[in-house]
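In: this one's sequence-less:
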DNA sequence: CGACTACTTGAAATATTTCAAAGTGAGTGG
DNA sequence: CCACTCACTTTGAAATATTTCAAGTAGTCG
């Protein structure tokens, strides 16, 4: 595990991949030390994004994918009638923008839910490097495959109709992603609004709100604004797996 | 456009990529003539699959991706309580199995909805070849990106709650995929059962059935068993885009 | 501190699910 | 080749969950 220097000025602009604390879960996982130097050269590091700011917009030409360095982002598309449909939330270490590879245009927009920072990875350079470094090519295939799996998990979530199940699964999913980052999976902050959650899960805001209070009455969770505490993970798990045909 | 020889014995075992009629929409689109020969060498062509048979099962080790040569397939996972959740339908020329790249194990099972044939493409060989042929690498990235987009379209479908909208979108989507294959987008066969459609769209079978008859009463479509005829594409489009907040 | 947005809560309206049953079709075996 | 069975589809009526509409409360940001 590489030493992670703490920067006295809070700036992330000068951190290299080798020094980045996300090193073990981000792209670099795939490459050796010298290769990492090459990767570092093509990456534009630590661009800060203010809350509400966009990284890219649907329809724009596709040039790069982005690794979340810190903060939280959401991706979404606009339906034909102008409604927003959220397609994903992205935490530190996750890669977004891969939807644009197919048509060479982004099909989603990406927006920061809080002050964040992203590393921009020019895709053409990544392709060139991938052809030279087999493990990087493999890793990038894996990242895309992971995105496919994540989308399919959401599909399963949306297909199980009861609101309880969707929200229980959602909370557990966020929890385990936090744990993978070495953070608490029992106590974390929902950086997205209730309305974002509803949109993402195909539920009305009011349903989200009501389900949260119901969960609280059952002592499954405790919420305080955007903070959530999972009190009974097993209980949530039971709900999220509730059998419909006993 | 290459000449597509008709095989007098109906066998697909001897057809090469160069001769395959799906040539313009399948993997070969990315490569030159000599490169196609290399691609042809690694592909195990035209394995026939009986109706109901599996190509791969969830949990199995991942070795290959598969191109549909003919027929229709579905992919699905089993939820924790043993319920099937369909994640996709695949028509001729489409590639499946990419979900397994991430963990090196398939997360879905794939099953034939009718007698079908698939070309098996060993993934390691494809990776090697991709590193050598930049346009192939690019194309495979694009294929994965397309899968991501398809999943996200389904997410949008599932998030728009009314059954009419889901089913209208579903029928239009299938239609345009048929058109891309040079087949009629107005008249085609639903190779999946009503129950499969319901499962895929997050609806009860009964709701699917009722919605079909309602569409029929409105002269939007005409069904006869598994055959569908789209009578009023514009009408379906209007329903699929129905604004919820006027 | 005030305006604005986000969140919560209640009650009525609505759509879908569930339960029940009949009709249809395909495949099998006599 | 026909009859039978099993699975799939359709239809109806009641039950249920979520949405919608409405209003009040809390939080946030300038």
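Out: It's in. This is a predicted model, so every value here is computed, not measured.

In: when you scan the lengthiest helix in chain A, is anything in it near DNA strand D?
Out: Ranked by residue count, the top helix of chain A under DSSP state H comes out as helix A:134-159. No: Helix A:134-159 is not in contact with DNA strand D by CB under 7 Å from any atom of the strand; minimum separation 10.6 Å. No exception for glycine: its C-beta is placed from N, CA and C like everyone else's.

In: Contacts made by the helix or strand following that helix with the rest, please.
Out: Per DSSP states H and E, the first helix or strand lying C-terminal to helix A:134-159 is helix A:163-180. For helix A:163-180, the external contacting residues (CB atoms under 8 Å, 6 or more residues apart in numbering or on different chains) are A:25, A:89, A:91, A:153, A:157-158, A:160, A:184-186, A:188, A:190, A:197, A:200-203, A:207-208, A:211-212, A:214-215, A:220-221, A:228, A:230, A:233, A:236-237, A:239-242.

In: Buried by neighbour count: which residues of helix A:163-180 qualify?
Out: A:163-175, A:177-178 (16 or more other CB atoms under 10 Å in any protein chain shown).

In: next one: stretch A:180-193
Out: Neighbour-count burial for stretch A:180-193, counted by 16+ other CB under 10 Å, picks out A:181, A:185, A:188, A:190-192.

In: again with stretch A:109-127
Out: Quick answer for stretch A:109-127 (16+ other CB under 10 Å): A:109-114, A:116-121, A:123, A:126-127.

In: now check stretch A:191-199, is it near chain B?
Out: Yes: residues of stretch A:191-199 contacting chain B under CB under 8 Å from any CB of the partner chain: residue A:199.

In: How about that stretch and DNA strand C, touching?
Out: Yes: residues of stretch A:191-199 contacting DNA strand C under CB under 7 Å from any atom of the strand: A:193-195.

In: quick revisit: from the contacts of helix A:163-180, which would you call buried?
Out: Buried members of these, scored by 16+ other CB under 10 Å, are A:25, A:89, A:91, A:153, A:157-158, A:160, A:185, A:188, A:190, A:197, A:200-203, A:207-208, A:211-212, A:215, A:220-221, A:228, A:230, A:233, A:236, A:239-241.

In: what helix or strand is the residue nearest to residue A:137 when sequence neighbours are not counted on?
Out: The spatially closest residue to residue A:137, leaving aside those adjacent along the chain, is residue A:130, at 3.9 Å (CB to CB, 6 or more residues apart in numbering or on different chains). If you go by DSSP H and E, residue A:130 is part of helix A:123-132.

In: what's that helix in contact with?
Out: Under CB under 8 Å, 6+ apart, the answer for helix A:123-132 is A:38-39, A:42, A:62-65, A:101, A:136-137, A:140, B:130-132, B:134, B:137-138, B:141.

In: any chance you could read off phi and psi for the most centrally placed residue in chain A?
Out: By CA atoms, centre = their mean, chain A has its centre lying nearest to residue A:90, at 1.6 Å. Per-residue torsions, residue A:90: phi -130, psi 130 (degrees, to the nearest 10).

In: what's around residue A:132, how many residues?
Out: Residue A:132 has 11 neighbours, counted by other CB atoms under 10 Å in any protein chain shown.

In: For it, give its distance to residue A:34.
Out: 12 Å (CB to CB, to the nearest Å).

In: where in chain A is pLDDT low?
Out: Residues of chain A meeting the criterion pLDDT under 70: A:1-14, A:24, A:30, A:243-246.

In: Strands of that one, residue ranges please.
Out: A:44-49, A:54-56, A:64-70, A:73-78, A:84-90, A:95-96, A:109-112, A:116-122, A:187-189, A:221-224, A:227-230 (DSSP state E).

In: Can you list the buried residues in the fourth one?
Out: Translated: strand A:73-78. Buried residues in strand A:73-78, counted by 16+ other CB under 10 Å: A:73-77.

In: and chain B, which of those contact it?
Out: Applying CB under 8 Å from any CB to these, those adjacent to chain B are residue A:77.

In: Looking at the strands of chain A, spot the one closest to DNA strand C.
Out: Judged by CB to the nearest atom of the strand, the one of the strands of chain A that comes nearest to DNA strand C is strand A:221-224, at 5.7 Å.

In: Now a PyMOL select for only the buried ones of the contacts of helix A:123-132.
Out: Those of the contacts of helix A:123-132 that count as buried under 16+ other CB under 10 Å are selected in PyMOL with:
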select buried, (chain A and resi 38+39+42+62+64+65+101+136+137+140) or (chain B and resi 130+131+137+138+141)
